[in-house]
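# All I have is the shape, not the residue letters:
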């Protein structure tokens, strides 16, 4: 099992700071969700035609990888044209730099509601077919209506394409549908290629995110479930600092996550 953090958690950092932190803390990878003021990965300077070769070589030399490009594409929305274009541009970039996965969602918010599942199914197949020759898999996140793992399992059963897969965001099925990690993984484990972890508590009916281990999301159970299932992919911290600037600073949070996860992975 490998560890990464999403750049969603450090919107004020330069690439140099992100790279140095991942290397110094002993992470395996960096999940890309914007760098600095640029959220859109295909426009990030380090991935330009002139710089991407050096960027990827520097990562490899440091023993680091980019496990996934996390797009904001939401394929169950009312007008998906922009989202499909975004997803395809992410697929193209991933293919150019040798990243195996991109992320898409059914809706842009974690909570369920308002998604067109039939439309999402058609568009997801289109994206998988577009990506198959580019050696990229399109991972659909467990968010919105698809955070209910019985629903996303049915969805995936109807997409018999080799590069279809799931990004299991452990938080959403638990928080919005009361699922345990064991039951979630039992339904969707065969499709899981990448994992997001975050922790939270409920206050006055709203989600309040907190550092890993300080909330009531069953993180320990999730890690044990992955270990029992033989998962060898990446587990990535999704710290929503870009959207919630009041959250703790990334340097503290990234170090906490690495130490906490090292203990859980090695335990037992």
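Yep, it's here. Predicted, not measured: the structure shown is a model, and the values here were computed from it. Residues are numbered from 1 along each chain as shown.
# how far away is residue 87 from residue 254?
Residue 87 is 28 Å from residue 254, where distance means C-beta to C-beta, to the nearest Å. Yep, even glycine has a C-beta here, placed from its N, CA and C like the rest.
# out of the two, which sits in the busier spot?
Between residue 87 and residue 254, residue 87 has the larger neighbour count (other C-beta atoms under 10 Å), namely 27 against 22.
# Helix, strand, or coil at the more buried one?
Here residue 87 is helix, with the state taken from DSSP: H, G, I helix; E, B strand; the rest coil.
# which one is it nearest to, not counting chain neighbours?
residue 73 (3.9 Å; C-beta to C-beta, 6 or more residues apart in numbering).
# contacting residues around that neighbour?
Applying C-beta atoms under 8 Å, 6 or more residues apart in numbering, we find residue 73 in contact with 83-84, 86-87, 90, 104-105.
# now residue 89, nearest residue through space, not along the chain?
In space, residue 89 is closest to residue 42, 4.7 Å off (C-beta to C-beta, 6+ apart).
# Then residue 128?
Using C-beta to C-beta, 6+ apart and skipping the chain neighbours, the partner closest in space to residue 128 is residue 161 (4.3 Å).
# How many neighbouring residues does the residue nearest to residue 89 have?
17.
# re the thing from before, the residue nearest to residue 87 - that's part of a helix, no?
No - using three-state DSSP, the assignment for residue 73 is strand, not a helix.
# re earlier: the residue nearest to residue 128 contacts residue 131, doesn't it?
No - distance between residue 161 and residue 131: 9.2 Å, which falls outside the contact criterion (C-beta atoms under 8 Å).
# Neighbour count for these two, which is higher?
A direct count of neighbours by other C-beta under 10 Å for residue 161 and residue 131 places residue 131 higher, at 24 against 16.
# Provide the backbone phi and psi angles at that one.
The phi and psi values for residue 131, taken as degrees, to the nearest 10, are phi -90, psi -20.
# Give me the mean pLDDT for stretch 87-99.
For stretch 87-99, the mean pLDDT works out to 98.
# What are the buried residues along it?
Within stretch 87-99, the residues scored as buried using 16 or more other C-beta atoms under 10 Å are 87-91, 93-97, 99.
# Go through those and name the one nearest residue 3.
Nearest to residue 3 among the buried residues of stretch 87-99 is residue 99, at 16.9 Å by C-beta to C-beta.
# Would you mind listing the residues in contact with that closest one?
Going by C-beta under 8 Å, 6+ apart, residue 99 touches 66-69, 93, 136.
# Checking the residue lying closest to residue 207 once chain neighbours are set aside next. Helix, strand or coil?
Distances taken as C-beta to C-beta, 6+ apart place residue 200 nearest to residue 207, at 5.0 Å, with adjacent residues excluded. What three-state DSSP gives for residue 200 is strand.
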